[in-house]
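Enquirer: Below are the sequence and a predicted model; questions follow.
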Amino acid sequence: MKSRAAALCGAAAVVAAMVVAVPADASAGPAAVPSARTAKVIWKKCGTTAYPRLQCASLKVPLDHNRPDGRRITLALSRVAHTAKTYQGPLLVNPGGPGGSGLTLAGYVASSLPRSVAAQYDVIGFDPRGVGRSEPALDCEPGHFDAVRPDSVPLTHALEEANLKRARSFAAACGTKYKGVLPYIDTVSAVRDMDSIRHALGAERISYFGYSYGTYLGAVYARLFPDRVRRLVLDSVVDPTGTWYDDNMQQDHAFNDRHRAFMAWVAKYHATYKLGTDPAKVEAKWYRMRAALARKPAQKKVGASELEDTFMPGGYYNGYWPHLAKAFAAYVNDRNAAPLVEAYEHFAAVDASGDNGYSVYTSVQCRDASWPRDWNQWREDNWAVYDKAPFMAWNNAWYNAPCAFWPTDTLEPVDVSNDELPAALLFQATNDAATPYEGGVTVHRLLAGSGLVVEQGGGNHGITLSGNACLDKYLAAYLKDGTVPHSGGEVDAVCEKRPDPKPRTTKAASGSSRGSALHGLLGFRG
């Protein structure tokens with residue numbers, strides 16, 4: 001969810017209090033079974049230099065699955081076909097979001113798994129409804145994130161009103177442009193699309209591998225269609241018990257902690273960055289930089305809000321830390337804004353694809369569950385978070401603020417608890433900011449028989465197929481023959497994190513190439 005989706009509250013208490021709440025139109029009964037009109041998939045070559053074996057196709061599905069003979073929309077699909085005699089069926093993959101495109105992820109997963117394992121699956125990527133090459137692809141308000149935006153921290157009434165105007169405008173634009181579509185852009189509808197894909201592929205069951213919000217998508221599919229799941233892998237697990245308002249605010253605390261971990265890393269390498277050896281003083285310099293940019297944006301591109309956007313990716317993946325530290329040091333020490341602007345353009349500037357991703361993100365999040373409609377509650381709650389976790393509290397609030405004015409009714413959250421599944425395998429880093437640790441623990445409890453593999457001390461988001469051989473060993477064993485570790489405790493297996501990066505000494509990218517490639521596909525806020 002922008003990968004913003006996991007609560008830091010006491011998981012056990014939340015689970016105990018959770019209400020079973022599946023949307024009235026989301027039953028796995030006859031209405032949820034794909035229509036006999038579902039076409040078979042016709043694959044065509046669409047390989048790239050990186051992934052030459054990719055194939056592409058499209059599939060028409062009902063806009064409203066309860067009216068299978070009504071309007072139809074198109075899903076874009078990709079595939080890397082199996083090559084082994086042993087065939088284990090389709091493996092659907094999803095990078096999260098909501099709003100992330102999964103077409104290229106199929107190529108990445110197929111090439112990153114051990115060859116003998118990948119060869120046993122048709123690895124299937126897809127753009128969920130509204131996303132990327134699927135039609136219609138949403139773009140509610142092009143240029144919504146054009147620089148320079150108002151300062152995210154509403155210290156004055158004028159700043160608050162300017163940010164509120166943007167949120168209202170975006171919600172109204174979506175309602176006007178996609179009035180007939182918005183009521184059907186939600187997780188449950190996307191899940192039923194997945195079952196249409198299964199049906200079109202001629203498979204009785206599918207396997208599924210999802211990152212971030214993709215873990216919620218997979219867990220909801222498993223809840224609605226448990227008999228159609230063969231294997232289920234969830235990496236960086238969304239806490240499904242706080243969708244979505246509470247989750248997003250609680251996530252701010254984890255990002256603040258991760259930002260401070262980055263400040264400590266910068267202090268450790270004072271010899272390189274010359275920003276001091278005391279992490280608290282380094283952090284103070286970062287906030288002074290923010291204040292200066294609020295007064296005078298760098299090259300009329302990077303103001304305070306854009307600075308937050310630029311440094312937020314460091315909370316997702318520490319491979320970006322050397323790039324961000326270089327820009328930080330250049331601005332503070334040399335009054336050189338060029339590296340900062342370059343970092344903004346690389347990590348944070350939003351293009352048409354980003355506009356599409358955000359349009360789908362808001363459409364799903366605002367439709368999936370109810371949000372407060374009284375802005376006074378948002379104001380009170382977010383100032384309370386800001387007092388303890390200022391790094392991205394208000395930035396996150398404005399990112400989600402269109403939900404206060406969203407032009408559709410809302411669904412009830414889906415209770416993903418499940419004792420009808422084959423054993424699922426979960427992966428979680430202890431210091432993940434985007435989907436904090438408690439999400440993995442909570443879903444481990446909710447999915448009977450599941451196994452939880454933890455990356456101890458890890459802070460990255462999306463941890464398998466990213467260079468940690470220990471984690472990948474468990475993933476490969478599970479996909480090969482269903483092996484799931486079980487300890488009888490809260491955690492079933494532990495892997496140590498990979499070392500943090502070191503400062504850049506050349507123009508070569510920092511961090512593992514696999515890690516950088518994966519996080520490029522997962523994106524930020526995604």
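Expert: Here it is on my side, so go on.

Enquirer: Would you mind listing the buried residues in the helix or strand encompassing residue 222?
Expert: Counting by DSSP states H and E, the element that carries residue 222 is helix 213-224. Within helix 213-224, the residues scored as buried using 16 or more other Cβ atoms under 10 Å are 213, 214, 215, 216, 217, 218, 219, 220, 221, 222, 223, 224. Bear in mind the C-beta positions are built from the backbone N, C-alpha and C, glycine included.

Enquirer: which one of these sits closest to residue 198?
Expert: Proximity of the buried residues of helix 213-224 to residue 198 was ranked by Cβ to Cβ; the top entry is residue 221 with 9.3 Å.

Enquirer: which non-adjacent residue is nearest that closest one?
Expert: Using Cβ to Cβ, 6 or more residues apart in numbering and skipping the chain neighbours, the partner closest in space to residue 221 is residue 191 (4.6 Å).

Enquirer: from what I can see that neighbour touches residue 222, true?
Expert: No. At 9.2 Å, residue 191 does not count as touching residue 222 under the criterion of Cβ atoms under 8 Å.

Enquirer: mean confidence for the helix or strand hosting the residue nearest to residue 221?
Expert: Per DSSP H and E: residue 191 is located in helix 187-201. The average pLDDT within helix 187-201 is 98.

Enquirer: before we move on, the earlier item: between helix 187-201 and the helix holding residue 222, find me the angle.
Expert: Relative orientation of helix 213-224 and helix 187-201, computed by axes from the mean of the first three to the mean of the last three Cα atoms, to 10 degrees: 70 degrees.

Enquirer: tell me how far helix 213-224 is from the chain's mean position?
Expert: Taking Cα atoms, centre = their mean, to the nearest Å, the mean C-alpha location of helix 213-224 is offset from the chain mean by 13 Å.

Enquirer: And it, what does it pack against?
Expert: Under the contact definition 3 or more Cβ pairs under 8 Å, 6 or more residues apart in numbering; DSSP states H and E, helix 213-224 sits against strand 90-94, helix 187-201, strand 206-211, strand 229-235, helix 437-446.

Enquirer: How many residues are close by residue 258?
Expert: 25 (other Cβ atoms under 10 Å).

Enquirer: ok so, going back, quick one: closest of the helices and strands packed on helix 213-224 to residue 269.
Expert: helix 437-446 (26.7 Å).

Enquirer: the inter-axis angle of the next helix or strand after that closest one versus helix 437-446?
Expert: Following helix 437-446 in sequence order, the next helix or strand is strand 451-456 (DSSP H and E). On the basis of the same axes, to 10 degrees, strand 451-456 is oriented at 160 degrees to helix 437-446.

Enquirer: Could you tell me which residues within strand 451-456 count as buried?
Expert: Neighbour counts using 16+ other Cβ under 10 Å place 451, 452, 453, 454, 455 of strand 451-456 among the buried residues.

Enquirer: Any regions of the protein where pLDDT drops low?
Expert: Scanning the chain for pLDDT under 70 picks out 1-38, 505-512, 525-526.

Enquirer: Residue 262 touches residue 313, doesn't it?
Expert: No. Counting by Cβ under 8 Å, residue 262 stays clear of residue 313, with 10.6 Å between them.

Enquirer: With neighbour numbers in mind, choose between those two.
Expert: residue 262 (25 against 22).

Enquirer: And residue 182, how far from residue 402?
Expert: To residue 402, residue 182 is 12 Å away according to Cβ to Cβ, to the nearest Å.
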